[in-house]
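Q: coords below, sequence missing:
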């Protein structure tokens, strides 16, 4: 399946996830996760800042989960989790395959979230 099709399907759901995420996370921390992932994945320039931007978004999500978790909305799973969790899996797999880039193990709350979601 062509990579462009993957991006098309993935990006279709970005606005939905972001709007739902902002409802339960009004600070907006981690809300640019999906666009920064796409930018980093497509990037051919290691110095363009896209890797650091993605890392910053992952850290923000990890911090949110640390303070509010185990799920995005707190103790109970919500529609945000049902939409976000598969995307985190895709981020992990795609970056591992195309970039050899794992989500840092130091983001412990994010990794725990991936296990429980």
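A: Good, I have the coordinates. Only a predicted model underlies this, so the values are computations on that prediction, with no experimental measurement involved.

Q: Quick check, residue 69 in contact with residue 113.
A: Yes: using CB atoms under 8 Å, residue 69 is in contact with residue 113, at 6.5 Å. C-beta: built from backbone N, CA, C; applies to glycine.

Q: Which of the two has more residues huddled nearby?
A: residue 113 (23 against 17; other CB atoms under 10 Å).

Q: Would you mind measuring from that one to residue 42?
A: Plainly put, residue 113 is 25 Å away from residue 42 if you go by CB to CB, to the nearest Å.

Q: any idea which helix or strand comes after the longest helix along the chain?
A: Assignment by DSSP state H gives helix 79-99 as the longest helix of the chain. Next helix or strand after helix 79-99 toward the C-terminus (DSSP states H and E): helix 108-116.

Q: now that next one and helix 79-99, what's the angle there?
A: Here helix 108-116 runs at an angle of 100 degrees relative to helix 79-99 (axes from the mean of the first three to the mean of the last three CA atoms, to 10 degrees).

Q: Count the neighbours of residue 108 for me.
A: Counted with other CB under 10 Å, residues neighbouring residue 108 total 12.

Q: Give me the distance between the residue nearest to it when sequence neighbours are not counted and residue 46.
A: Distances taken as CB to CB, 6 or more residues apart in numbering place residue 62 nearest to residue 108, at 7.4 Å, with adjacent residues excluded. From residue 62 over to residue 46 the distance is 23 Å, taken as CB to CB.

Q: of those two, who's got more company?
A: For residue 62 versus residue 46, neighbours defined as other CB under 10 Å are more numerous around residue 62 (23 against 9).

Q: For that one, give me its contacts.
A: Taking CB atoms under 8 Å, 6 or more residues apart in numbering, we find residue 62 in contact with 107-110.

Q: so how far is residue 92 from it?
A: Applying CB to CB, the value for residue 62 to residue 92 is 14 Å.

Q: State the distance spanning the first to the last residue of stretch 32-50.
A: Stretch 32-50 has its terminal residues 12 Å apart, counting by CA to CA, to the nearest Å.

Q: Tell me how far it lies from the chain's centre.
A: Offset of stretch 32-50 from its chain centre (CA atoms, centre = their mean, to the nearest Å): 12 Å.

Q: Good, we can wrap up now.
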